[in-house]
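Visitor: just coords:
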């Protein structure tokens, strides 16, 4: 009744948020009323909790969103006996607050998030909905993250690499500096290259808008598109490829890679294998038995490359990340007890020490997948700066060879109850947690220059 009252107020407020455009009444929804009520209840609970959890960003980074993290560390000083005044915001009270929030994250993952996803995933699996795998069944990639030993990539707790053609026994090493590995194509993107049959490494990347919606199957105008032509340019997203291959990135890719590394004996990511194996047991037997449903025997390799697996991998990574966060927190407290209260390495702060010409790349396993920023510096100034973000990889259009990206691949052969209400399409796309704002560039409607920054 409490939840019903809260939902009633939520609806009456007019702020339905993600519930506003549901295809209510569609037979594609398979969850019973009890499961729906459980999920919505926990969703609202998560909204309340995340307001507290993001304060961890603020404590270490100064603010949220967009914390003031700086090269070499964080801006907030540590003073255990301080009162939290400006200049020394990290004191004992703040550390205790952070620890309490991490414990909340662990409890919520273990007792709410993971059980919910397993239960919902089981119900959809029992309904025969093992669709949406797409490229994840074949090609996945990640740069790797969470070194157990700093700067030692062999100790990643979520190891990187590339798997091609579904061969989990062969993991290719990935190097973002290699111009033969990461390349971006614009054959079907609204950008211009001198030779659009070739890809460019981000260090040599070009981002020149060329908005020309056209083609024999195009319908509409520049400002009111009715139908795009996939044989021509049809996207504001470029097409990044790894050695010419379209790949999927994200939590599912990291978990497929982590599982494959663990099977090969990597001791640093065995937790990934434990999580996946436990989830497979729950989905195949424990939950069906509890619900009076028939047991099944799907392997991890069958369960993971699906919409269900993609959603599950995000939940498992949340669980694993919270556990690693507690490990990091305890290590930090140990450092403070030992007298180490430094929060930044400022050795490289003096611009006089910087080279006049250089190029560099920074990579991270961002929540949506592998993220890379490439920079070239000439005469002490930025000559070129290119980002290849997760949704660029997943949302990319076709390349010069006609290869489709992860979004498109995941939708192939998806059955729909009612094509006029494409709920199944949204279900799979939402499992990627797409961010088109990150993957595209901004320009004015007519292509005119809006602003220019001159650096002297």
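Guide: Received the coordinates, thanks. Treat the numbers as computed from the prediction; the structure is a model and nothing was measured.
Visitor: could you list which residues are in contact with residue 168?
Guide: Going by C-beta atoms under 8 Å, 6 or more residues apart in numbering, residue 168 touches 256, 259, 260, 263, 301. (C-beta placed from N, C-alpha, C; glycine too.)
Visitor: next one: it from residue 140, what distance?
Guide: Going from residue 168 to residue 140 by C-beta to C-beta, to the nearest Å gives 10 Å.
Visitor: also residue 233?
Guide: To residue 140, residue 233 is 27 Å away according to C-beta to C-beta.
Visitor: neighbour-wise, which of the two wins?
Guide: With neighbours defined as other C-beta atoms under 10 Å, residue 233 and residue 140 compare such that residue 140 has more, 30 against 24.
Visitor: next one: phi and psi at the more buried one?
Guide: Reported as degrees, to the nearest 10, the phi and psi values for residue 140 are phi -130, psi 160.
Visitor: and what of residue 163?
Guide: The phi/psi pair for residue 163 (degrees, to the nearest 10) reads phi -110, psi 130.
Visitor: quick revisit: any common contacting residues for residue 168 and residue 140?
Guide: Common contacts of residue 168 and residue 140 (C-beta under 8 Å, 6+ apart): residue 256.
Visitor: top of the contacts of residue 168 by neighbour count?
Guide: residue 256 (27 neighbours).
Visitor: quick one: secondary structure of that residue?
Guide: helix (DSSP: H, G, I helix; E, B strand; the rest coil).
Visitor: just give me the closest of the contacts of residue 168 to residue 132.
Guide: residue 256 (14.5 Å; C-beta to C-beta).
Visitor: test my guess that that closest one contacts residue 141.
Guide: No. Counting by C-beta atoms under 8 Å, residue 256 does not reach residue 141; the two are 10.0 Å apart.
Visitor: which residues do those two both contact?
Guide: Residues touching both residue 256 and residue 141 (C-beta under 8 Å, 6+ apart) are residue 163.
Visitor: and the residue positioned nearest the centre of the chain, how far from residue 55?
Guide: Note on the chain: the residue nearest the mean C-alpha position is residue 368, at 0.8 Å, using C-alpha atoms, centre = their mean. Distance, residue 368 to residue 55, using C-beta to C-beta: 23 Å.
Visitor: any idea where the strands of the stretch 251-400 of the chain begin and end?
Guide: 358-366, 369-378, 381-388 (DSSP state E, counting those that start in this stretch).
Visitor: coming back round to it: check contacts around the residue nearest to the centre of the chain.
Guide: Residue 368 makes contact with 249, 250, 389, 390, 391, 394, 432, 433, 434, 435, 438, according to C-beta under 8 Å, 6+ apart.
Visitor: could you find the closest non-adjacent residue to the second one?
Guide: Once flanking residues are discounted, residue 250 sits nearest to residue 369: 4.0 Å by C-beta to C-beta, 6 or more residues apart in numbering.
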